[in-house]
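Q: Next input, structure requested:
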Amino acid sequence: MSLNPPRKSEDDKWPEHWPDWVKNACDEMDAIEQRFPLTLLNGTPQWVDKMGLRIIQYMNPTTTMQYGVSGPSFLGSLAGHFTWLIQSDDGLNALIKRYLEASEKCDAELREKLSEADYQKLVERIEKYGIVEEVERMSRSLYRVILRKTKTLKKCFETVKAQSLTDQADFFEGYAQALKKPPLDETGALVLEKSTGISQIYLVMVLNWKFVSKLTSAAKCYTWLCSIFGEKIVRNEARVQTMCQAFKVKFSRRKRHQRKRKKKYKR
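A: Numbers count the residues shown, from 1 in each chain. Here you go, the predicted model:
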């Protein structure tokens, strides 16, 4: 999970007025994740990258900050949000626990509703579209990022002690503000998402992007999402239609069946 601001271009640079020790720390984070990657996963459509980026923005308020703030304050905010994410009772561990519980509940409900043959077909479809592999790949990537960023941010805390009192004040002010404005509340809901449940929908679509790409329309996508979340979360077809248009989701083209023309026989 990226904790750095969105990259505007390949040659995007940190502001010149930021102290060197701040830019060096940010460069080290860039080396870990290349800031916000221009592509979320290799080989995915553009709408998947944009949707994944939106999830990350919901997860980390610092990503919406502009470069106009002081460098130490910006770096402190990054450190604060990362600290909250890995140490808070409502952070990453709670999020993973909720995900596992929801997965187990969903699996149990499917086993109860479906016959053994239908359940096996569902498992085969999941394997076919690589959903399990996508989840495992993202999990491994996240774990590596956490280890490397923990080491980098620990170095930041050591470095800031050697800076001026003004830089120290800015850094720890940004750090404190980030801790006071966590991305998740105690229920696990994302504070920044514009409408309840939208990030869950984004996440499911990102993880199942191969399946979504096989659908023929936003209406089909709406029906599929309702089968997972129910109409209460998905709301209505118009909402899904607007969402798909905003992210420019490309669906599979409908196959048109051409009518065979009857041959005219000469009398």
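
Q: by contact count, what packs against the helix or strand in which residue 166 is found?
A: According to DSSP states H and E, residue 166 maps onto helix 165-180. Using 3 or more C-beta pairs under 8 Å, 6 or more residues apart in numbering; DSSP states H and E, the elements in contact with helix 165-180 are helix 71-87, helix 131-160. From N, CA and C alone the C-beta is placed, and that goes for glycine too.

Q: Can you check which of those helices gets nearest to residue 28?
A: helix 131-160 (5.0 Å; C-beta to C-beta).

Q: got the angle between that closest one and helix 71-87?
A: Per axes from the mean of the first three to the mean of the last three C-alpha atoms, to 10 degrees, the angle that helix 131-160 makes with helix 71-87 is 130 degrees.

Q: May I see the buried residues of helix 131-160?
A: 131, 134, 138, 145, 149, 152-153, 156, 160 (16 or more other C-beta atoms under 10 Å).

Q: per-residue confidence at residue 79?
A: Looking at residue 79, its pLDDT is 90.

Q: I'd assumed residue 153 was in contact with it.
A: Yes. At 5.1 Å, residue 79 and residue 153 qualify as touching, with contact defined as C-beta atoms under 8 Å.

Q: just for the stretch 101-250 of the chain, where's the confidence low?
A: In the predicted model of the stretch 101-250 of the chain, residues 138 satisfy pLDDT under 70.

Q: rerun at 90
A: Where the stretch 101-250 of the chain drops to pLDDT under 90, the residues are 101-150, 152-153, 177-197, 199-200, 203, 207, 228-230, 232-233.

Q: thinking again about what came up before, I'd like the buried residues of helix 131-160 laid out as JSON lines, including distance to residue 214.
A: Formatted as JSON lines, those follow (distance: C-beta to C-beta, whole Å):
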{"residue": "131", "distance to residue 214": "13"}
{"residue": "134", "distance to residue 214": "15"}
{"residue": "138", "distance to residue 214": "21"}
{"residue": "145", "distance to residue 214": "30"}
{"residue": "149", "distance to residue 214": "36"}
{"residue": "152", "distance to residue 214": "40"}
{"residue": "153", "distance to residue 214": "41"}
{"residue": "156", "distance to residue 214": "45"}
{"residue": "160", "distance to residue 214": "50"}
